[in-house]
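Undergrad: no sequence for this one, just the structure:
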């Protein structure tokens, strides 16, 4: 892995935290819709291909493929509309994101992509919030990845004008260089299971102390 320098045909791992680590992304029907809608529209606008993501209560992780060198535009659009729509929905007027900015790292190898996708999807498990990635109740691409299905959300009832798309969707991509979809997904699932098993061992060790 290496720091991102925004080139075409690259894979990226993106992370951003809420200001003061506040739970501004806490899962709920409206918040989940606002985040998913912003992600779908940002990806469509910048032709970004989303490999996977997970939204925690105070930060998100996302893995994407950038065929046109638009990662900066994509991240700006996504972060901007999450912040503006969530602030509008909850009557906030303060900074939404942490002042230290976001982290964008280029993923050089296929193994880098698999590892960061597993890290992303298993983040709730590592945080001790759920026992399995599939059990996470917040926004996550786990089920869409496993089922090869799109994540769809209707236009949220706040912030967006009626001229905005009535329905937005995100489909998990497997871009060039990752090999057959089935093999790639199997590798990601296996990596997630390995993280889950390590967390199981850690929890059992803590119980015996």
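TA: Good, I have the coordinates. Everything quoted here is computed from the prediction, not taken from an experiment. Residues are numbered from 1 along each chain as shown.

Undergrad: From here on, just use CA atoms for contacts and neighbour counts.
TA: Fine.

Undergrad: which is the next helix or strand following the helix or strand harbouring residue 111?
TA: Assigned by DSSP states H and E, residue 111 belongs to helix 110-121. Using DSSP H and E, the helix or strand that directly follows helix 110-121 along the chain is helix 123-126.

Undergrad: what's the spacing between that following helix and its chain's center?
TA: Helix 123-126 has its C-alpha centroid displaced from the chain centroid by 13 Å (C-alpha atoms, centre = their mean, to the nearest Å).

Undergrad: Identify the residues contacting it?
TA: Around helix 123-126, the neighbours that count as contacts under C-alpha atoms under 8 Å, 6 or more residues apart in numbering are 54, 56, 130-133, 136, 195-196, 199.

Undergrad: mind showing which ranges of the protein have poor pLDDT?
TA: For the chain, the stretches with pLDDT under 70 are 1-6, 208-209.

Undergrad: Need the residue closest to the centroid of it.
TA: For the chain, the residue nearest the mean C-alpha position is residue 53 (2.2 Å; C-alpha atoms, centre = their mean).

Undergrad: Checking the nearest residue to that one once chain neighbours are set aside next. Helix, strand or coil?
TA: Nearest residue to residue 53, sequence neighbours excluded (C-alpha to C-alpha, 6 or more residues apart in numbering): residue 62, at 4.2 Å. Of the three states, residue 62 takes strand according to DSSP: H, G, I helix; E, B strand; the rest coil.

Undergrad: Isn't residue 62 up against residue 16?
TA: No. Contact between residue 62 and residue 16 fails when scored by C-alpha atoms under 8 Å: they sit 9.2 Å apart.

Undergrad: ranges for the strands of the protein?
TA: Ranges of strands in the chain, per DSSP state E, are 2-3, 10-17, 49-55, 59-66, 103-107, 150-154, 167-171.

Undergrad: how about the ones you listed in CSV, adding distance to residue 182?
TA: Shown next, in CSV, are these (distance: least, C-alpha to C-alpha, whole Å):
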stretch, distance to residue 182
strand 2-3, 27
strand 10-17, 19
strand 49-55, 14
strand 59-66, 18
strand 103-107, 21
strand 150-154, 16
strand 167-171, 15
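
Undergrad: that older thread, list the contacts of the residue nearest to the centre of the chain.
TA: 60-63, 117, 120-121, 139-141.

Undergrad: that older thread, packing partners for the helix holding residue 111?
TA: Applying 3 or more C-alpha pairs under 8 Å, 6 or more residues apart in numbering; DSSP states H and E, we find helix 110-121 packed against strand 49-55, strand 59-66, helix 181-208.

Undergrad: Next, the angle helix 110-121 makes with the longest one.
TA: It stands for helix 181-208. Following axes from the mean of the first three to the mean of the last three C-alpha atoms, to 10 degrees, one obtains 50 degrees for the angle between helix 181-208 and helix 110-121.

Undergrad: shift numbering so it begins at 47
TA: New numbering, starting at 47: the last item is helix 227-254.

Undergrad: Please compute how far helix 227-254 lies from its chain's middle.
TA: Averaging C-alpha positions (C-alpha atoms, centre = their mean) puts helix 227-254 19 Å from its chain's average.
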